[in-house]
Structure formats: C-alpha cells, structure tokens
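[1] After the sequence you'll find the predicted model.
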Amino acid sequence: MESPASPALIFRDATDADVDALVGLVESAYRGDASRAGWTTEADILDGQRTDPEGVLEVIKSPDSRLLTVERDGEIVACCQLEHRGEYAYFGMFAVRPSLQGAGLGKVIIAEAERQARETWGVSEMHMTVISVREDLIAWYERRGYRRTGRTSPFPYGDERFGVPRRDDLRFELLVKPLV
C-alpha cells in the first residue's frame, strides 16, 4: 500500500484535459473488479458505469461547481466535486485510487475540500448523499464529523448513467456536517 504522506499532494481544479483520467479514477474506485483493491467499491451493489466523460465535463464547466483534483508526482490520485448551493456546499464524486485507500489520504482530501468550501464560498455546512446500504462508508464519514439526517432520496433506477443496480433497496441518504 502506498503512503499518503509523501511526496507532496497538489490540489487544483480539474480542466477539460483531465476528463479521461478522472473518469478512469472514479470508475476504478467504485466499479468492476479493479475497485475491489480498495474499500470504496460498489461492485457488489451496482454494475455499469459510475460516471462518464459528459458528467465529469458538466461538473468542470458548471459555474457553481469545482472538481478538485489531487495530484502526486504528476499523476491524478484523487478527486472530489464541490458545488456551491447557497448556504451549504455539496460534496460528491469523491474517489481515491484504490491502492491508496485505507492509508489516510481520504481524510486529508476531505479536510481540504471542507476548508476550500468554507473559505471560497463562506458556507456553514457541507452536504453529501451516500447510498444508504453503504454502512462502512457512512461510518467513515461519521468519524469525519458528518451526521445522518434520515432524509433519503430515491436511487435513479432505470437511468444507467448512475449504474445498473444489483438489488432493489437502494436509496441515497443525506449526510451533513457543520463547517464552523
């Protein structure tokens, strides 16, 4: 397992030139057998894609959104979406290279994302949605200060842009963290 401590991480906004690398990173963290190298895999609950070039480009181009890209030694190793939604920011599309998962890199990235959202937009909360059956992932976010709200939204069954469900009980749960 690689160490997150060295060498230095570079945080920057994604550009159009990053689209293919970012799609590959997100897919490797969540879908297919390659994702099983890390602990964030959704391979047991979803088949199909997690994102596509159009979806990534939409985040990059949106005036209220940023796709924070994390590099080490010139390679993209992680990313996350930050979207300004008035009083709060939305955190999504979080992916860490599977070989780096479990070594502390995610903690560093989410802390930096929260700092940037607070400083850039002056928001007081970060919101995210997590598939409710992902208890291990929800527990990880709870250790970072996020709380379950009990508010859920339906999974977009039938829209293969979000994957092909392997079970019929999927929904998203809203997690919230104060940033003050």
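    Sure thing, it's come through.

[2] quick one, phi psi at L170?
    phi -80, psi 140 (degrees, to the nearest 10).

[3] Which strands or helices does the longest strand along the chain pack on?
    As assigned by DSSP state E, the longest strand anywhere in the chain is strand 75-85. Applying 3 or more Cβ pairs under 8 Å, 6 or more residues apart in numbering; DSSP states H and E, one finds that strand 75-85 makes contact with helix 19-30, strand 65-72, strand 88-96, helix 105-121. From N, CA and C alone the C-beta is placed, and that goes for glycine too.

[4] By mean pLDDT, flag the weakest helix or strand of the chain.
    strand 46-47 (a mean of 89; mean pLDDT, DSSP states H and E).

[5] tilt between the very next helix or strand once past it and helix 19-30?
    Next helix or strand after strand 46-47 toward the C-terminus (DSSP states H and E): helix 53-61. Angle of helix 53-61 versus helix 19-30, following axes from the mean of the first three to the mean of the last three Cα atoms, to 10 degrees, is 110 degrees.

[6] Which secondary structure elements does helix 53-61 sit against?
    Counting by 3+ Cβ pairs under 8 Å, 6+ apart, helix 53-61 packs on helix 19-30, strand 65-72.

[7] Buried residues of the longest strand of the chain, list them for me.
    I76, V77, A78, C79, C80, Q81, L82, E83, H84 (16 or more other Cβ atoms under 10 Å).

[8] how about the residues you listed in TSV, adding pLDDT?
    Formatted as TSV, the buried residues of strand 75-85 follow (pLDDT from 0 to 100):
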residue	pLDDT
I76	97
V77	97
A78	97
C79	98
C80	98
Q81	97
L82	98
E83	98
H84	98
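
[9] Next, the buried residues of stretch 153-168.
    Here stretch 153-168 shows F155, F162, G163, P165 as buried, counting by 16+ other Cβ under 10 Å.

[10] which residues sit in contact with the second one?
    What it means is F162. For F162, the contact set (Cβ atoms under 8 Å, 6 or more residues apart in numbering) comprises R50, F155, P156.

[11] And for the last one?
    When contacts are counted by Cβ under 8 Å, 6+ apart, P165 is found next to I45, L46, F155, Y157.

[12] can you check the first one too?
    Contacts were defined as Cβ under 8 Å, 6+ apart; by that measure F155 touches I131, F162, P165, L170, R171, F172.

[13] Quick check: beta-bridge partners of L174?
    Counting by DSSP bridges, L174 is bridged to T129.

[14] Pull the number of nearby residues for it.
    L174 has 17 neighbouring residues, counting by other Cβ atoms under 10 Å.

[15] from now on call the first residue 6
    Sure, I'll start counting at 6 from here, so that last one is L179.

[16] is it true that it touches H132?
    Yes - between L179 and H132 there is a contact under Cβ atoms under 8 Å: 6.3 Å.
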